[in-house]
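>>> Pasting the sequence and the predicted coordinates here, then a few questions.
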Amino acid sequence: MNNHKRPWLRGIVIAFVSMAIFTVTLGVFMSLMLLVISIEEGGGPLSDFSVSLTLAIVLLSQGIGFVSGTVRLTIVPLLLTFLLIWLICTLTRRISTNWQSFCTGLVTWVLTMFVFSQNVLVTLCDPLWMQAIKSAAIFSLGFSWGAVPWRSLAKQAKKLMAEHLSLMTLKAVMFCLVNALIVLGIFTVCGLFTVGAWTVHGSHAVVRVFNMTAMQTGSRILTSICAVAWLPNLMAWAVSWLFGSGFSIGDLATFTLWSGGATGLPAIPAFAIFPEQVNNGQLRILFVSIPMLVSFVIGVIEMFLPTEFAISAGKPDQDWHGSNRLRHLVGQFISPLASFAVTTALLAACQFLFFRLSSGALGEHRLAYIGPEARTATSIIVKTIGIGFFCAWLVAVMVVGAVITIRIVARYIRGNAQVFQNTDAKPDTSTANPGDEPSINPQQTGPTQSNTSLTNSAEPSSNISAVDDNTSVHKNVDEITNLSDTPTS
């Protein structure tokens, strides 16, 4: 009986322990930050609000926004969300991965979120049923990440597809996922470096905001650390800005490669790092072309590598006139094209979700929406990615077509040269030894000709003509002698 109840109890432990670790750690930091601010800035003690603010941030990290006065905060701190999911995943792997644990853990998690929502001093934006759905989604993601054996599941799926799909189709499916992960990883690195460049370039503006708000050293450090919770959001905005779409701060400002400026924004230090316009046209073209270049390089590598799609023109002596061979030549380009199309669709879905999660509100009216417009940013980036993949596929088609054309032309030239060589060649009717003199036919009335062909070409043709001339001279002398010996009447 105890063994039967143990999985159910372990689910409760997973939910309670993960929530306790996350809430206590966040609460300690919030208490310290409020204490330092109250000491440096003066006024009443702010530590009394630490519990309520901690619970509000815990709910916000699960996508549940709140309203406090004129401030409406729905921008989810994605870094805290990821840490919370990772914490649930780690405890799930260590404690239990049974479905019974998932059920009890899910119920416990949702009930805990309900208790938190009833003890905050701010007004939550979502109704109760939406809060339950969002908190359940967070716990489900963390538990499934830790409980599902993804490696063995991937091996089984690959084995199943190998039994029912061709090798080229299986490669296309695998490359769809690999390409999407590679492109998303490169975009993440680009976003991180862009935020770093913003921070370095806008550090003087951040200092001016600190001085304008009379914020002391301790408050500056702690508020800067607190802003790191929204680092993935800034990375998403940076990716949208870098690749040509940009982002907006409500109705107050819009930041793109062609326009920018932080005038009129609230005195928030994080807003001071936002960039100005890029005046160099070549840099703008380079930044906008990054998705196309990335997809083009990936596509070219996968088209020609032997371990990838291995597109080739066949052997040099291969004839493509047969229907089966021509079908194979055309068919080897279909799988890469389908793979690139599916990869582009996956990237479109991931980019749209990422941009949508990174955006939110910071107010009611002019700050009702902050971040990139998800549809516009996704459309611009995905179009350039699709162009890069299609160009890589088109280059492969042109290269293979050029190789086959060169081979056909070379084969035609070699064939014509062989025909001309056979036509111009003369058959050998006799052979002559070196040093032999050409024989003269006495019955030949005209100039004597040699019917022998010299195999070694030791004597030139001029010698043959000289012999003919001497023979005619001797004949003329004999005729004169005969006339002189004839008696005259």
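Happy to help now that I have it.

>>> tell me which element the residue nearest the centre of the chain is part of?
Centroid-nearest residue in the chain: Val183, 3.2 Å away (criterion: C-alpha atoms, centre = their mean). Using DSSP states H and E, Val183 maps to helix 167-201.

>>> packing partners for that helix?
Contact here means 3 or more C-beta pairs under 8 Å, 6 or more residues apart in numbering; DSSP states H and E; on that basis helix 167-201 packs against helix 150-164, helix 231-242, helix 290-304, helix 334-358. Heads up, the C-betas are built off the backbone N, CA and C, glycines and all.

>>> Let's test this: mean pLDDT of the following helix or strand past the last one, rounded?
Using DSSP H and E, the helix or strand that follows helix 334-358 in sequence is strand 370-371. What strand 370-371 shows for mean pLDDT is 90.

>>> same deal with stretch 19-26?
Stretch 19-26 shows an average pLDDT of 93 in the prediction.

>>> Pull it out as PDB, backbone CA atoms only.
Taking C-alpha atoms only, stretch 19-26 is exported to PDB below (Å, rounded to 0.1, in the frame of the first residue of the first chain):
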ATOM      1  CA  MET A  19       8.100  26.300  -5.900                       C
ATOM      2  CA  ALA A  20       9.700  26.800  -2.500                       C
ATOM      3  CA  ILE A  21      13.200  27.000  -4.000                       C
ATOM      4  CA  PHE A  22      12.200  29.400  -6.700                       C
ATOM      5  CA  THR A  23      10.000  31.600  -4.400                       C
ATOM      6  CA  VAL A  24      12.400  31.800  -1.500                       C
ATOM      7  CA  THR A  25      15.400  32.600  -3.800                       C
ATOM      8  CA  LEU A  26      13.500  35.300  -5.600                       C
END
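
>>> Show me what counts as buried in it.
Buried residues in stretch 19-26, defined by neighbour count with 16 or more other C-beta atoms under 10 Å: Met19, Phe22, Thr23, Leu26.

>>> What is the longest helix of the protein by residue count?
If you go by DSSP state H, the chain has its longest helix at helix 374-424.

>>> next one: that helix to chain centre, how far?
Centre-to-centre, helix 374-424 and its host chain are 23 Å apart (C-alpha atoms, centre = their mean, to the nearest Å).

>>> now for that helix, which elements pack on it?
If you count contacts as 3+ C-beta pairs under 8 Å, 6+ apart, helix 374-424 packs onto helix 231-242, helix 290-304, helix 334-358.

>>> deepest of the ones you listed, which one?
Comparing the helices and strands packed on helix 374-424 by mean neighbour count (mean count of other C-beta atoms under 10 Å), helix 231-242 comes out on top with a mean of 25.

>>> Contacts for it, please.
Contact with helix 231-242 is made by 75-79, 82, 187-188, 190-192, 194-195, 198, 246-247, 255-257, 270, 275, 287, 290, 354-355, 357-359, 371-372, 377, 381, as judged by C-beta atoms under 8 Å, 6 or more residues apart in numbering.

>>> can you rerun that using 6 Å?
Helix 231-242 is touched from outside by 78-79, 187, 191-192, 194-195, 247, 255, 287, 354-355, 358, 371-372, 377, with contacts defined as C-beta atoms under 6 Å, 6 or more residues apart in numbering.

>>> Extract the C-alpha set from it and format it as CSV.
Output in CSV follows, covering the C-alpha atoms of helix 231-242 (Å, rounded to 0.1, in the frame of the first residue of the first chain):
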residue,chain,number,x,y,z
LEU,A,231,17.5,39.5,-21.2
PRO,A,232,15.8,36.9,-23.5
ASN,A,233,13.2,39.5,-24.3
LEU,A,234,15.8,42.1,-25.2
MET,A,235,17.6,39.4,-27.4
ALA,A,236,14.3,38.8,-29.3
TRP,A,237,14.0,42.6,-29.8
ALA,A,238,17.6,42.8,-30.9
VAL,A,239,17.1,40.0,-33.5
SER,A,240,14.1,41.8,-34.9
TRP,A,241,16.0,45.1,-35.1
LEU,A,242,19.1,43.5,-36.6
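
>>> who does the helix or strand just after it pair up with?
Once helix 231-242 ends, the next helix or strand along the chain (criterion: DSSP H and E) is strand 247-249. Applying DSSP bridges, strand 247-249 is found paired with strand 253-255 (antiparallel), strand 370-371 (antiparallel).

>>> Same list, those strands, but as JSON lines with distance to Cys125 and mean neighbour count please.
Converted to JSON lines, the strands paired with strand 247-249 look like this (distance: least, C-beta to C-beta, whole Å; neighbours: other C-beta atoms under 10 Å):
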{"stretch": "strand 253-255", "distance to Cys125": "24", "mean neighbour count": "18"}
{"stretch": "strand 370-371", "distance to Cys125": "15", "mean neighbour count": "22"}
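
>>> Nearest to Val409, out of these?
Judged by C-beta to C-beta, the one of these that comes nearest to Val409 is strand 253-255, at 55.1 Å.

>>> contact partners of the following helix or strand past that closest one?
Remark: after strand 253-255, the chain's next helix or strand is helix 281-288, criterion DSSP H and E. When contacts are defined by C-beta under 6 Å, 6+ apart, helix 281-288 is touched by residues Leu242, Gly244, Leu257, Val278.

>>> And the buried ones among those residues, selectable in PyMOL?
Buried residues within the contacts of helix 281-288, by 16+ other C-beta under 10 Å, are selected in PyMOL with:
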select buried, resi 242+244+257+278
